[in-house]
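[1] let's see this in three dimensions:
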Amino acid sequence: MDRNKNAVWSFVISLALVSALCIFFEPTWESNDDIAMSMVAHGYGLAAISSPSLIFSNILWGYLVQTIPQVNGVLGYSIATLTTIVVFGAIVLFSLRKVGHSWLLSFAVCALLLVRPVLFPQFTINAGLLTVGAFVYWYFYGIHGNKFDLVVGCLFAFFGYLIRSQEFFLVLLIATPLLPWRKLAKDHFSRIALCALSVGILGAMYADYQAYQGDEWREFNALNPVRAQFTDWGAGKLLKENTDILTQYKYSENDITLLENWFFVDPSIANPDVLNSILVKLGPIPNKQVALKNGWAGIRVMTHSAVLPLFLMGLILLMLTPNRKLILAWVGCLLTFFAIGLLGRPGFLRIYVPVLSLLVIAPLLIQHKDPRHRGKFFHLLIYASVIVALINAINSFSESIKIEARNVKIRHDFSNFPTAPVVVWGSAFPYESIFKVLSSTGELNYKLYGLGTFTLAPFGHARRESQNGRGLVDLLRSSNGVIILAVPRQFKLLEIYCEEHFNQHLQIIDVTRYGELEAKRLSCY
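    Numbers count the residues shown, from 1 in each chain. From the prediction side, this is the model:
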């Protein structure tokens, strides 16, 4: 009965906390990835039609999101996002109460872990938090042997995988020293449950793979892996230092910069076969000197103000509850983040939040094994958790208020933005400011010809306009030109592109300002 009562109260308090944050503040998407996937799932903005093919998340998650109806104008993708956070908050409260921590300590830790993901939601964070939730239930199974805990943990792990598989595996890797492997390996039921989870993940993986095998995905599939080398992994910078390779393949530095800036609409530049050959010639990315620098940057990111409270709380708990398994988890964390930086991807805060959340929760669960520890450091632990949670909340609230003031201005500036298709180049369009988490963005009739990851995806306006003879290059080469929203640096790239590829000067037909941004009708005719 106490277990059920704690579960109900944990869910109610988590729901109240998330609701209060959404009422008193305006949640803003942490990145435009979630907005793009919401557009795809519900068929607006960048997407001409609704599709479960979210690309960054599994196809099964796309189908699930599509089935969620609007509630008070809020789209299904946003509902799924916030529901995930509510569930994780309930897990935190319930688990901490279960091992004997006070409501004050439990709420402080819950607030520490939830405030930022609510105010700045992001799907990678949510995937990692669900995986942390899976760890919690598996940990309890190792102690009590309750089959319900094992099954629930497997369900959370499965949904964590569906939302973002890479973050699921990352959190699982860091949690490896902390999991009750002896119990999981010896128990017959646990072997069945974990096999079922593995089969489910493999099935979801296969379903996702099959969803992208149609002819309509052929161009996207050919370019996407190679474009990532330029947009994500820094191949362009290294290539510009090897001008002999550029000369050999008849590419200019401007062509490479265009690729780095998501310009995939000209197949003479975004040619996957040629680009793959160039990358083979180029060799490993990045070079050793840059890789080591990036590796250390990957560790230093944990001192960023957005994740510093989590990092400090994790360290405090490690010192108060020294444990061999925790030390191994921390070592694994540091080595993993160093390796991620080494590969060229340091500084993405969203991948750090769930891992550090794990390193905050784990010692609080482990601590219950030694009542002497809990008694000795109980008051210090409460003080530390409350102070760190307050610091985190104040920083997050301040950032949210500043961002919302900026968002209000930008929405006003874009109030007269046309509903006819407009080319929006990369992140020049202020997606996070215009498309709210808690509003029916489907009511906005913007048709965005996006230059980005989804440019060649079959569900997008970009692909459909191109197939109908109204592609960017086609319109750019016409006398009427094409409307493009971009930043000055991108317009300069386009000017050089016209001169190098068509021996023409870029003509500005007209200009419309939207606050600090400009949409220009341009022609290279």
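[2] excluding its backbone neighbours, what's nearest Ser165?
    Leaving aside its chain neighbours, Ser165 sits nearest to Asn58 (6.9 Å; criterion: CB to CB, 6 or more residues apart in numbering). The way it works is simple: take the backbone N, C-alpha and C, and place the C-beta from them, glycine included.
[3] so what's the one you found up against?
    Tyr161, Leu162, Ile163, Ser165, Ala204, Met205, Ala207, Asp208 (CB atoms under 8 Å, 6 or more residues apart in numbering).
[4] please repeat the previous calculation with a cut-off of 10 Å.
    The contact partners of Asn58, taken as CB atoms under 10 Å, 6 or more residues apart in numbering, are 52, 64, 127, 158-159, 161-165, 201, 204-205, 207-208, 211.
[5] what's the separation between Leu475 and Ile509?
    Per CB to CB, to the nearest Å, Leu475 is found 11 Å from Ile509.
[6] break this structure down into its domains, please.
    2-30+68-186+360-399, 422-523 (automatic domain parsing).
[7] between these, which one is closest to Ser277.
    domain 422-523 (19.8 Å; CB to CB).
[8] please identify which of Leu475 and Ile509 sits among more neighbours.
    Taking neighbours as other CB atoms under 10 Å, Leu475 and Ile509 compare with Leu475 leading, 23 against 14.
[9] roughly how far does the closest residue to Asp413 other than its chain neighbours sit from Leu46?
    Distances taken as CB to CB, 6+ apart place Gly515 nearest to Asp413, at 3.2 Å, with adjacent residues excluded. For Gly515, the distance to Leu46 equals 21 Å [CB to CB].
[10] so which of the two has more stuff around it?
    Set Gly515 next to Leu46 and count neighbours by other CB under 10 Å: Leu46 wins out with 29 against 13.
[11] which residue is nearest the middle of this protein?
    For the chain, Thr124 is the residue whose C-alpha lies nearest the centre (CA atoms, centre = their mean; 3.9 Å).
[12] pull the CA atoms of whichever strand or helix holds that one into CSV?
    Secondary structure from DSSP states H and E places Thr124 in helix 123-144. The C-alpha trace of helix 123-144 is given here as CSV (Å, rounded to 0.1, in the frame of the first residue of the first chain):
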residue,chain,number,x,y,z
PHE,A,123,14.6,14.5,-27.5
THR,A,124,18.1,13.3,-26.9
ILE,A,125,17.8,14.4,-23.2
ASN,A,126,14.5,12.6,-23.0
ALA,A,127,15.9,9.4,-24.4
GLY,A,128,18.7,9.4,-21.9
LEU,A,129,16.4,10.2,-19.0
LEU,A,130,14.2,7.2,-19.8
THR,A,131,17.3,5.1,-19.9
VAL,A,132,18.2,6.4,-16.5
GLY,A,133,14.7,5.4,-15.4
ALA,A,134,15.4,1.9,-16.7
PHE,A,135,18.6,1.7,-14.7
VAL,A,136,16.7,2.7,-11.5
TYR,A,137,14.2,-0.2,-11.9
TRP,A,138,16.8,-2.7,-12.9
TYR,A,139,18.8,-1.6,-9.8
PHE,A,140,15.7,-2.3,-7.6
TYR,A,141,15.3,-5.7,-9.3
GLY,A,142,18.8,-6.5,-8.3
ILE,A,143,17.9,-5.8,-4.6
HIS,A,144,14.4,-7.1,-4.3
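[13] which parts of it are buried?
    Buried residues in helix 123-144, counted by 16 or more other CB atoms under 10 Å: 123-142.
[14] equivalent analysis for stretch 218-234, please.
    By neighbour count with 16+ other CB under 10 Å, stretch 218-234 contains the buried residues Glu219, Phe220, Ala222, Leu223, Asn224, Val226, Arg227, Gln229, Phe230, Thr231, Trp233, Gly234.
[15] avg pLDDT for it?
    Across stretch 218-234, the average pLDDT comes to 87.
[16] the helix holding Thr124 packs against which elements?
    If you count contacts as 3 or more CB pairs under 10 Å, 6 or more residues apart in numbering; DSSP states H and E, helix 123-144 packs onto helix 32-42, helix 76-98, helix 103-119, helix 147-163, helix 165-175, helix 181-186, helix 188-211, helix 349-366.
[17] who wins for proximity to Ala457 among these?
    Nearest to Ala457, of the helices and strands packed on helix 123-144 and by CB to CB, is helix 32-42 at 7.9 Å.
[18] quick one: low-confidence residue ranges for the stretch 351-500 of the chain.
    Along the stretch 351-500 of the chain, segments meeting pLDDT under 70 span 368-377, 440-444.
[19] residue boundaries of the strands in it?
    Counting by DSSP state E, counting those that start in this stretch, one finds strands in the stretch 351-500 of the chain at the ranges 422-425, 448-451, 482-486.
[20] those: which one's closest to Leu356?
    strand 448-451 (32.5 Å).
[21] in its sheet, what does that closest one sit against?
    strand 422-425 (parallel) (DSSP bridges).
[22] contact partners of the partner strand?
    Here strand 422-425 makes contact (CB under 10 Å, 6+ apart) with 45-46, 261-263, 265, 417, 429-431, 446-452, 461-462, 465, 471-472, 475-476, 482-487, 490-491, 493-494, 512, 517, 519, 522.
[23] pull the distance from that strand to the chain's centre.
    In terms of CA atoms, centre = their mean, to the nearest Å, the gap separating the centre of strand 422-425 from the centre of its chain is 22 Å.
[24] go on, stretch 416-426?
    Distance, centroid of stretch 416-426 to centroid of chain: 24 Å (CA atoms, centre = their mean).
[25] first to last residue in that stretch, what's the distance?
    21 Å (CA to CA, to the nearest Å).
[26] equivalent analysis for stretch 474-492, please.
    OK, stretch 474-492 end separation, CA to CA: 19 Å.
[27] buried stuff in it?
    Applying 16+ other CB under 10 Å to stretch 474-492 flags Leu475, Leu476, Arg477, Gly481, Val482, Ile483, Ile484, Leu485, Ala486, Gln490, Phe491 as buried.
[28] check the residues you listed against Gly347 and report the nearest one.
    Using CB to CB, these come closest to Gly347 at Gln490, 22.5 Å.
[29] identify the residue spatially nearest to that closest one, adjacent ones excluded.
    Closest to Gln490 by CB to CB, 6+ apart is Trp425, at 5.1 Å.
[30] how near is the one you found to Ala41?
    As judged by CB to CB, Trp425 and Ala41 stand 23 Å apart.
[31] in terms of neighbours, single out the busier of the two.
    With neighbours defined as other CB under 10 Å, Trp425 and Ala41 compare such that Ala41 has more, 27 against 22.
[32] need the nearest residue in space to the more buried one, chain neighbours excluded.
    Val65 (4.7 Å).
[33] now the helix or strand that neighbour falls within: buried residues?
    Here Val65, judged by DSSP H and E, is contained in helix 59-67. By 16+ other CB under 10 Å, the buried positions in helix 59-67 come out as Ile59, Leu60, Trp61, Gly62, Tyr63, Leu64, Val65, Gln66.
[34] I appreciate the help and will end here.
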